[in-house]
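Visitor: Sequence isn't available, so here's the structure alone:
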């Protein structure tokens, strides 16, 4: 699934979502908010993507995504992302500019 189509999408997504959702540093990675675990539909679901810097991405992958099982809650991941935000801004997915299509 990580192919040329993904790379083109990733570049478009990061061009309009320039800041890491968690810490505000420059975004470098498109994270799947809900880990796809090989599910192609979830992989391509455009409202399942958030921009993260490499440090925040590696942290959420280690803390949450590696242990995630299909059907698990992503609440703890969202809470962690919220705590990283500037105080008072909290979780607001509306800040992420969702692309209208994957391909």
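Guide: Perfect, thanks for sending it. The shown structure was predicted, so the numbers you read here are calculated from the model rather than taken from an experiment.

Visitor: Look at the closest residue to residue 5 other than its chain neighbours and say how many residues are nearby.
Guide: Once flanking residues are discounted, residue 5 sits nearest to residue 103: 5.7 Å by C-beta to C-beta, 6 or more residues apart in numbering. The way it works is simple: take the backbone N, C-alpha and C, and place the C-beta from them, glycine included. Neighbours of residue 103 under the rule other C-beta atoms under 10 Å: 7.

Visitor: and residue 103, how far is that from residue 38?
Guide: 19 Å (C-beta to C-beta, to the nearest Å).

Visitor: Also residue 21?
Guide: Distance, residue 21 to residue 38, by C-beta to C-beta: 24 Å.

Visitor: try residue 55
Guide: Residue 55 is 26 Å from residue 38, by C-beta to C-beta.

Visitor: How far off centre is the helix or strand hosting residue 79?
Guide: Using DSSP states H and E, residue 79 falls within helix 75-84. Relative to its chain's centre, helix 75-84 lies at 12 Å (C-alpha atoms, centre = their mean, to the nearest Å).

Visitor: Give me the residues contacting that helix.
Guide: 21-23, 33, 50, 56, 59-60, 63-65, 90-91 (C-beta atoms under 8 Å, 6 or more residues apart in numbering).

Visitor: Can you say which of the residues you listed are buried?
Guide: 21, 22, 23, 33, 50, 56, 59, 60, 64, 65 (16 or more other C-beta atoms under 10 Å).

Visitor: can you tell me which residues contact the second one?
Guide: Neighbouring residues of residue 22 by C-beta under 8 Å, 6+ apart: 52, 53, 56, 60, 80, 81, 84, 85.

Visitor: and it, backbone torsions?
Guide: Dihedral pair for residue 22: phi -80, psi -50, per degrees, to the nearest 10.

Visitor: Do you know the pLDDT at it?
Guide: According to the prediction, residue 22 has pLDDT 88.

Visitor: do you know how far it is from residue 99?
Guide: 20 Å.

Visitor: ok now stretch 63-73, how far from the chain's centre?
Guide: 14 Å.

Visitor: contact partners of stretch 28-39?
Guide: With C-beta under 8 Å, 6+ apart, stretch 28-39 has contacts from 1, 9-10, 13-14, 20, 42-43, 48-54, 57, 60, 64-65, 68-70, 74, 77-78.
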